[in-house]
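**Student:** this one's sequence-less:
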């Protein structure tokens, strides 16, 4: 493979990561409303803040230049926060069947 193919592949990967980061940033800013909701358990709110701290910290579980583990941890925390908000709106405990 010549350098043009590698540069094209790197550019596509960088653009894809930039788009994913932008979407994630929008979701984090939207999550601010959920953090003020009194019906969401403190555990889920704390999980979100721990994920944000992990994302910003220089310590990594998987040392990599593309921050895949950071993005994954933050997405899982956002999903847990959203699930807790949905459960609170429905009036039932999160994780209950």
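**Tutor:** Noted; the coordinates are in hand. Please read these numbers as outputs of a predicted model, since none were measured by experiment.
**Student:** gap between residue 91 and residue 39?
**Tutor:** With distances taken as Cβ to Cβ, to the nearest Å, residue 91 is found 9 Å from residue 39. Using the backbone N, CA and C atoms, a C-beta is placed for each residue, glycine as well.
**Student:** give me the neighbour count for residue 84.
**Tutor:** Neighbour count for residue 84, taken as other Cβ atoms under 10 Å: 23.
**Student:** so which of residue 91 and residue 39 has more stuff around it?
**Tutor:** Taking other Cβ under 10 Å, residue 91 and residue 39 do not tie; residue 39 has more neighbours (11 against 7).
**Student:** where does the more buried one land in three-state SS?
**Tutor:** Following DSSP: H, G, I helix; E, B strand; the rest coil, we place residue 39 in the coil state.
**Student:** quick one: it and residue 90 touch, right?
**Tutor:** No - using Cβ atoms under 8 Å, residue 39 is not in contact with residue 90, being 10.3 Å away.
**Student:** now do the shared contacts for residue 91 and residue 39.
**Tutor:** Counting by Cβ atoms under 8 Å, 6 or more residues apart in numbering, residue 91 and residue 39 have no shared contacts at all.
**Student:** quick one: pLDDT of residue 18?
**Tutor:** Residue 18 carries a pLDDT value of 82.
**Student:** next: the one 4 residues further on.
**Tutor:** Residue 22 is assigned 84 on the pLDDT scale.
**Student:** then the one 10 residues further on?
**Tutor:** Residue 32 carries a pLDDT score of 81 in this model.
**Student:** what of the one 5 residues further on?
**Tutor:** In the predicted model, residue 37 carries a pLDDT score of 77.
**Student:** contacts only, for it.
**Tutor:** 85, 88.
**Student:** got the buried residues for the helix or strand containing residue 81?
**Tutor:** Assessed by DSSP states H and E, residue 81 sits inside helix 68-90. Within helix 68-90, the residues scored as buried using 16 or more other Cβ atoms under 10 Å are 70, 73, 74, 77, 78, 80, 81, 82, 84, 85, 87, 88.
**Student:** now these in TSV, with pLDDT and distance to residue 15?
**Tutor:** Shown next, in TSV, are the buried residues of helix 68-90 (pLDDT from 0 to 100; distance: Cβ to Cβ, whole Å):
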residue	pLDDT	distance to residue 15
70	83	19
73	87	23
74	87	20
77	91	25
78	90	22
80	91	29
81	90	28
82	89	27
84	89	33
85	88	31
87	88	36
88	85	37
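**Student:** all set now, cheers.
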